[in-house]
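Chemist: Fold the stuff below for me.
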Amino acid sequence: MKLLPLTNDFTFKAVFSKHEDVLLDLLNSFPDFEGDNQISSLKVLNPRIEKEVNFPLFKDREKFYWHFQIRDEEEREKCLTEDFSVRIIEIPKFAKDISRLESPLDFWVYLLKEVTNLKGEQMKTLKRKNPKIKKAVVRT
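Modeler: Sure thing, here's the model as predicted:
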């Protein structure tokens, strides 16, 4: 049975906008949301994803996880608010092998990138590390 890619607009919406607990788990896997910073609830206002969701945004950099905040141009230490920021994951840049996955975010990004290529043992490993991953897998 073939797995659908989670980077596909329809599939992503079907999984992450309908299963709040799975989306919360994905978001809380980001390093910034550890401990007391965990997101406890959310509301999906616009589940639409543009056609080209799976492309590198910053081609001249290797890192895959970005965190942006609104700061003053002259006084960079002055942040407008800690309550608003933008986080971007460039999935094509994620290069870890399943044996090198460490953080909860690693497991989610690996799933997003490799879901259509996963074999039985790899899927078992991911599900063992995070049971929510089982709900995110959509079969054709």
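Chemist: Can you show me the helices along this protein?
Modeler: In the chain, the segments counted as helices under DSSP state H are 9-12, 20-28, 104-114, 120-129, 132-136.
Chemist: Centre of the chain to the first one, how far?
Modeler: Counting by CA atoms, centre = their mean, to the nearest Å, helix 9-12 is centred 13 Å from the centre of its parent chain.
Chemist: Can you give me the buried ones in that helix?
Modeler: 11, 12 (16 or more other CB atoms under 10 Å). All C-beta spots, glycine's among them, are computed from the backbone N, C-alpha and C.
Chemist: of all the helices of the chain, which lies closest to residue 96?
Modeler: Residue 96 sits nearest to helix 104-114 of all the helices of the chain, at 6.0 Å, using CB to CB.
Chemist: then that closest one to CSV, C-alphas only?
Modeler: The C-alpha coordinates for helix 104-114 follow below in CSV (Å, rounded to 0.1, in the frame of the first residue of the first chain):
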residue,chain,number,x,y,z
PRO,A,104,10.9,15.4,18.1
LEU,A,105,11.2,17.9,15.2
ASP,A,106,13.7,15.6,13.4
PHE,A,107,11.1,12.8,13.5
TRP,A,108,8.4,15.0,12.1
VAL,A,109,10.5,16.5,9.3
TYR,A,110,11.8,13.1,8.4
LEU,A,111,8.2,11.9,8.1
LEU,A,112,7.2,14.9,6.0
LYS,A,113,10.1,14.4,3.6
GLU,A,114,10.3,10.6,3.4
